[in-house]
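[1] kindly generate the corresponding structure for this input.
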Amino acid sequence: MTEDKPGSFGRFIAKLFDYYLVAVIISMLLWVWLERGEDEAIIAVFVSPINYFLILLITSMLYEILMISYTGTTIGKSLMGIRILDAEENHLLMGQSFVRTLSSFAMGRFFCIPILSIIALTRSFRTYAGTKEVKWDRNYQVEQFRKGAGPWVTILTIVLFSVSVVTYVYMTEALKLEPPEVTINELFEADEYEAIIQYLDGYLDASSGTASLYNWYGYAYMQLDQYEEAISRFETGLELDEEDDRITSMLYSNISWADYVLGDYDLALTYADLAIAYDSANVYGYINKGNIHSVMGNPSEAESA
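    Residues are numbered from 1 along each chain as shown. Below is the predicted model:
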């Protein structure tokens with residue numbers, strides 16, 4: 001066993017290799033899931049950029065914690081001939097490995113956040129090159145226990161990076177769901193309101209929503225008597241501020257009906273008037289207005305509505 005300190009290049013490549021190895025594994029698992037014909041809307045939740053990044057980050061950390069605790073190294077570090085032991089040359093305890101990995105990801109990679117991670121990795125590389133100890137390894141022994149396969153590992157790292165990118169791009173392209181009106185119409189005809197909500201949960205997490213989709217979204221909640229949830233979706237549709245008076249009118253008339261059912265008649269009347277103002281051909285605005293006036297004890301107003 002040699003106890004030479006590993007070089008800066010070896011440690012740098014080992015980090016990248018391990019990260020992209022985990023990325024490829026996650027991407028391939030999601031790809032297999034997708035190819036098996038599972039629910040695309042659910043897979044889209046995992047593939048959305050923020051969720052995918054969080055899954056990759058957490059999995060990478062768990063991978064390093066477990067590997068170093070049980071084996072003293074990771075696959076990338078092993079290929080570069082690097083291992084990490086405690087002062088007595090034993091494997092790190094799980095708690096020690098957790099603290100070391102957390103510190104490494106925080107200070108040495110800025111939790112892999114784009115741009116910030118490049119700055120952190122550059123600082124770490126310079127520290128390694130200066131033969132200085134990084135903060136997260138000061139209490140441990142970082143050893144070069146055998147010669148690393150630097151050139152081959154570098155090539156493999158590039159391959160892993162390429163595969164992870166290609167696989168992710170493939171999945172995002174495959175999951176670019178077309179506007180789902182046809183699917184929603186079919187589900188409405190079958191009275192599958194919970195299925196509509198599940199479908200739109202996944203779709204709107206992975207794709208940009210439209211006022212029309214949020215109108216369907218809220219309407220499905222109304223059919224399940226979840227009026228507060230329905231109003232929330234309708235209001236989100238209004239916030240998109242699309243220049244389509246017909247859709248805007250529909251959103252207002254649906255909010256009016258939800259408020260009517262909830263017993264907030266004044267607010268329901270306000271939204272019914274807004275529905276009519278945006279589209280005088282929207283019969284639901286008039287129906288809502290008539291029902292509201294009738295309940296409020298205004299028969300003449302109800303008839304004129």
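[2] report the central residue of the protein.
    Centroid-nearest residue in the chain, with C-alpha atoms, centre = their mean: Asn51, separated by 2.3 Å.
[3] which non-adjacent residue is nearest Leu156?
    Phe17 (6.6 Å; C-beta to C-beta, 6 or more residues apart in numbering). Every C-beta, even on glycine, is put in place using the N, C-alpha and C of the backbone.
[4] helix or strand for the one you found, which one?
    Phe17 belongs to helix 8-35 when assigned by DSSP states H and E.
[5] can I assume His91 sits in a helix?
    No. Secondary structure of His91 (DSSP: H, G, I helix; E, B strand; the rest coil): coil, not part of a helix.
[6] my read is that it contacts Leu66, right?
    No. Taking contacts as C-beta atoms under 8 Å, His91 lies outside contact range of Leu66: 11.2 Å.
[7] which ones are touching Met222?
    When contacts are counted by C-beta atoms under 8 Å, 6 or more residues apart in numbering, Met222 touches 230, 254, 257-258.
[8] farthest pair within those residues?
    Spatial extent of the contacts of Met222 (C-beta to C-beta) is set by the pair Ala230 and Trp257 at 9.0 Å.
[9] got any ranges where the stretch 51-200 of the chain has weak pLDDT?
    In the prediction, the stretch 51-200 of the chain carries residues with pLDDT under 70 at positions 131-132, 173-183.
[10] can you map out the helices along it?
    Assigned by DSSP state H, counting those that start in this stretch, the stretch 51-200 of the chain shows helices spanning 75-79, 94-107, 116-129, 150-174, 181-189, 193-206.
[11] relative to helix 150-174, how tilted is the last one?
    I take that to be helix 193-206. 130 degrees (axes from the mean of the first three to the mean of the last three C-alpha atoms, to 10 degrees).
[12] chain center to helix 193-206, what's the gap?
    Counting by C-alpha atoms, centre = their mean, to the nearest Å, helix 193-206 is centred 15 Å from the centre of its parent chain.
[13] try the longest one
    Relative to the centre of its chain, helix 150-174 is centred 21 Å away, using C-alpha atoms, centre = their mean.
[14] burial measure for Leu238, as a count.
    The local packing of Leu238 (other C-beta atoms under 10 Å) involves 17 other residues.
[15] any idea how many residues pack against Asp266?
    Other residues close to Asp266 by other C-beta under 10 Å number 9.
[16] now do it, the pLDDT please.
    For Asp266, the pLDDT comes out at 91.
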